[in-house]
Structure formats: structure tokens, C-alpha cells
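Undergrad: Mind folding the following:
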Amino acid sequence: MARLPEGLRASYPDPQAASQTAPRRLAYARAIADFDAARRRALISDLLRPLLGRPTELLPFDEVKERLRLRSLVDRGLREVPLDRIVGSLGRQREFTRAFLPREESLRQRWEEVEELAEGLRGFPPVELYQVGEAYFVVDGHHRVSVAHRLGSPAIEARVQEFLTPVPLGKDDSIEQVLLKQGLADFLEATHFAPSGAEDFVTTVPQGYDRLLEHIGGHRYFRGIEAQGEISWREAAESWRDRVYRPMVETIRDSGILADFPGRTPTDLYLFVMDHLATLRESYGDHATPSRALHHFELAHRQATGWRRRLRRAWAYLTGR
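TA: Prediction:
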């Protein structure tokens, strides 16, 4: 078999080496294209942020930790974590969107390297996450989470440490909702209550938690008169919870009125009804009871909404819409 001269052979590429580098070149080209596509999606997401109606920013772990007073940490070991529940970051929340799309060109080199690694035989090592309620925060592995999103993976392997908290934090919560939950955390700390359900004591009313504490203070005052002596704060809080709050919330749930207030919680309705009760007692004294106040509030609300529905129908008829 004829052989090429040594000098000519050196100038030709080795077929075996070429066969090994071709897949790598293809993977590199695909990683470049994938990063460019992810950057475009990040830009579009940021431009459409006001119209999306859902959080587009990653939750900042340090702020969440401070607001919710997170202290107790438990090692949960290695587990598979759904990608849609990873919604926050330790220190890098501005570099990626809520869907972990890369925002900055400076992320390119590492991002492309991670995608090549992900598509290789070995894959990449587990990421490190903090868990708070149903939400997870990336401690180490932001590029890996971003690439996993791009490749359509439903979950990622992670080493998880969980911060225990009585405050429910969901994967769809915004930082504004976290601020509201700071109020819940403060309220639970002040009362030593342990919620019995996800909606227990949760309110969306401005200064709602301060108003609940005022209710406990008022209840303490009247309990002291009944007992002809001072009642401790903790005893008053437990008495308010068992004798005022929980019976009222149970009545609200049984009435079905919550269906007329989408987005509101039982505690919101408790505050509305108690405000209404105070107004009624100015006219009727102690004859106005919490259950009667709820009934009157329900009638007044449905009459008001009935008028609004009739006005909308009349306007639609007049305008032909």
C-alpha cells in the first residue's frame, strides 16, 4: 500500500483526531447558539415585565432571611429538586431572571462550558440550595440551574439545607409578598402561635398584623376586668385566638362569603367584619354580636355588588356591548 511522504503526511489532519474534535465543535456551536437564545429571552422577559402579572425577579436570600427571621438550619442531604421551585439566589439575583435566563454577557463563557459539560458523559455535579418553605435559593450552581432550564430538565440534583420557618413561602411569591410575610413572622413571634394551616392568621390588609395585635390588647383589657386582675400577654393571646378569632373564622368559612372576595383570606374577612361590628355597636351596643355583624356585612356587601352588576348590565345594554 502506497504511503504519503512524511512531510506531506504531517500537513494532512489525522482522521481519528478529526472524528474526535467534530462532536466537540458541534457541541460548542450549539452552546453558543443556546446562550444567545437564552439572552434574547431574558431581554424579552425584562421588557414585558409590567405585562406578565407574575414575579420576574429572583428572590434575594439575604433579604428573605432577614425579613422572615430564619435561624434554624437542617441538612436535608442529596435530593432531586423541581426546577420551577428554584426561585431565589444568594447574592446573584440580578444576573438571572426568575426563570434563570442569563442577563449579562459576562456569563457567556462559564455558561457555555457548563452546557458542554451537561451534554457530556459525566454531566455536572449537584448544585447547592437553601430551602425555605416551598421555595429554593441557589447557593452554588447558578449556571448549572440556568443550563438545566435551557435543556428542558424538569429537576436537578442538589444538596439541600432547609431553614425551618412557620411562615409559608411559596414558589410564586414576590418580594412584596415576602414583606407581608415579615408581618406574619413578627406576629407569630409576638404571640408564640403555631399556625394550624397555610392560611392561619395570614392577612393582606395593610397594617393587618398590627391590628390583630391591637385586638389581642383589647381582649386582654376586658379579660382583666372579668378576672378582676391582670392577665398575662400570652394568656390573653391564647384566649383571643380560641374565643374570638377561631370561632369568627369558622363562621366566615361556613357562610361561603369568601367566594365573594377572591384573593382575600379568612383573616382579611375577620378584620372587615370586626370593623363592621365596631360600627354596629356604636348604634346597637352589645346587641350587635360577631355573628350578627357577619350577617349584616354579608347582606350589605351583596346589595352593593348587586347594584354594581345591574349598573354594568344597564351600561352594556345602552352601549350595545
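Undergrad: How about the backbone phi and psi for Val160?
TA: Dihedral pair for Val160: phi -120, psi 130, per degrees, to the nearest 10.
Undergrad: close enough to count as contact, it and Arg79?
TA: Yes: assessed by Cβ atoms under 8 Å, Val160 is found in contact with Arg79 at 5.7 Å. Bear in mind the C-beta positions are built from the backbone N, C-alpha and C, glycine included.
Undergrad: Comparing these two, which residue is more hemmed in?
TA: Each of Val160 and Arg79 has its neighbours counted (other Cβ atoms under 10 Å); Val160 has more, 20 against 14.
Undergrad: okay, that one: pLDDT?
TA: Predicted confidence (pLDDT) for Val160: 98.
Undergrad: for Asp34, helix, strand, or coil?
TA: helix (DSSP: H, G, I helix; E, B strand; the rest coil).
Undergrad: how far away is the residue nearest to it when sequence neighbours are not counted from Arg39?
TA: The shortest distance from Asp34 to any non-neighbouring residue, by Cβ to Cβ, 6 or more residues apart in numbering, is to Arg150 (5.4 Å). Distance of Arg150 to Arg39, given as Cβ to Cβ, to the nearest Å: 11 Å.
Undergrad: what's the answer for Arg241, then?
TA: The spacing between Arg241 and Arg39, counted by Cβ to Cβ, is 52 Å.
Undergrad: repeat for Ala155
TA: 24 Å.
Undergrad: So these two - more neighbours on which side?
TA: More neighbours surround Arg39 than the other of Ala155 and Arg39, with 18 against 14 (other Cβ under 10 Å).
Undergrad: Now do the same for the closest residue to that one other than its chain neighbours: its pLDDT.
TA: Counting by Cβ to Cβ, 6+ apart, Pro102 is the residue found nearest to Arg39 once chain neighbours are left out, at 5.9 Å. At Pro102, the pLDDT value in this model is 94.
Undergrad: Which residues are in contact with Pro102?
TA: Neighbouring residues of Pro102 by Cβ atoms under 8 Å, 6 or more residues apart in numbering: 35, 38-39, 42, 95-96, 108, 111, 146.
Undergrad: which stretches of the stretch 51-200 of the chain have low pLDDT?
TA: Applying pLDDT under 70 to the stretch 51-200 of the chain picks out residues 52-53, 121.
Undergrad: all helices for it, in order.
TA: Assigned helices in the stretch 51-200 of the chain, in chain order: 61-67, 108-118, 142-150, 175-191 (criterion: DSSP state H, counting those that start in this stretch).
Undergrad: Give me the next element, helix or strand, following the longest one.
TA: Read that as helix 175-191. Later in the chain than helix 175-191, the nearest helix or strand by DSSP states H and E is helix 208-227.
Undergrad: Output the contacting helices and strands for the helix or strand just after that following helix.
TA: Tracing the chain C-terminally past helix 208-227 and defining elements by DSSP H and E, one meets helix 233-240 next. Contacts defined by 3 or more Cβ pairs under 8 Å, 6 or more residues apart in numbering; DSSP states H and E place helix 233-240 against helix 208-227.
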